[in-house]
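**Q** Got a predicted model here, sequence first, then my questions.
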Amino acid sequence: MIALGFVDNGATVYISSRKSAACDQAALELSSRGICHSIPADVGTPDGRAEVISALERVERHLDVLVNNAGATWGAPLDLYPEDGWDKVFNTNTKGVFFLTQALLPLLRKSPYPPSRVINIASVNGLTPPPAENYAYSASKAACIMLTRHLAKRLASEGILVNAIAPGPFQTDMMATTLAEKRDEYIARNPVGRLGEAEDIAGTTLFLAARASAYLTGAVLPCDGGVAEV
């Protein structure tokens, strides 16, 4: 959804995913509307991040916008919550965000269109505890929000703005099973009375990449229909 918004607005877009086939297919579909390239990799691992960085450095001299949107979740009862599940979620949702951003700072610093942007996709679950037992997910997204604020303070003087979006429920692969069972429940709890749509998250992300947000850093914008606020 986010990549489509950038492609439709004329950006050269690179997308990455742990699932190579899905990443390649998404890039192929988006390429029918603009410029989109696939870099399959797991940014929750050092090797995966190195693949992304190497691929970008081979073809680009600078980077204007980095969207950290890779995510993982793991649900289990409190007494049975596994350490390997916790590590998988934090490696992607928090550690991956920090170290990918760190590694891409040289390209972000070279943007000819300052300020360059880092946009972290957190979650409404990082603002308020979710009903499901996704302990690592909510904790990792809360950590992502604090990391956003910390990086924003550090990088503003270098012409790099760092903000976050906290989405509510959207029809994504990660939410597919949950929404198949509880779609009506999620809609009923939402003050706006619906799930998020592609234009909602794309528009919010494009705002954070545009001149309109050039005086904004360290912010967390909910995109959730009011779930966390009402």
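**A** Yes, it's here.

**Q** tell me the contacts of Phe207?
**A** Ser213 (C-beta atoms under 8 Å, 6 or more residues apart in numbering). Any C-beta I mention is one placed from the backbone N, CA and C, and that applies to glycine too.

**Q** which one is Gly44 nearest to, not counting chain neighbours?
**A** The shortest distance from Gly44 to any non-neighbouring residue, by C-beta to C-beta, 6 or more residues apart in numbering, is to Thr92 (3.6 Å).

**Q** Hmm, that neighbour is touching Ala72, no?
**A** Yes: judged on C-beta atoms under 8 Å, Thr92 makes contact with Ala72 at a distance of 4.2 Å.

**Q** Tell me where the model's unsure across this structure.
**A** Applying pLDDT under 70 to the chain picks out residues 230.

**Q** Show me where it has its strands.
**A** Per DSSP state E, the chain carries strands over the ranges 12-15, 35-38, 65-68, 116-121, 160-167, 220-223.

**Q** between Thr92 and Ala72, who's got more neighbours?
**A** Thr92 (22 against 19; other C-beta atoms under 10 Å).

**Q** for the more buried one, what are its contacts?
**A** With C-beta under 8 Å, 6+ apart, Thr92 has these contacts: Asp42, Val43, Gly44, Ala70, Gly71, Ala72, Ser140.

**Q** now it: how far from Phe170?
**A** To Phe170, Thr92 is 18 Å away according to C-beta to C-beta, to the nearest Å.

**Q** Arg61 too?
**A** In this view, Arg61 and Phe170 are 34 Å apart by C-beta to C-beta.

**Q** same question, Ser213
**A** Ser213 is 21 Å from Phe170, by C-beta to C-beta.

**Q** next one: Ser111
**A** With C-beta to C-beta as the criterion, Ser111 and Phe170 are 29 Å apart.

**Q** circling back to that earlier point, which residues do Thr92 and Ala72 both contact?
**A** Counting by C-beta under 8 Å, 6+ apart, the residues touching both Thr92 and Ala72 are Gly44.

**Q** List of residues touching the longest helix seen in the chain?
**A** The longest helix of the chain (DSSP state H) is helix 135-155. By C-beta under 8 Å, 6+ apart, the surrounding residues in contact with helix 135-155 are 68, 72-75, 78, 81, 85-86, 88-90, 92-94, 97-98, 101, 105, 118, 120, 122-123, 125-127, 129-130, 161-164, 166, 217-220.

**Q** Next, the angle from it to strand 160-167.
**A** 150 degrees (axes from the mean of the first three to the mean of the last three C-alpha atoms, to 10 degrees).
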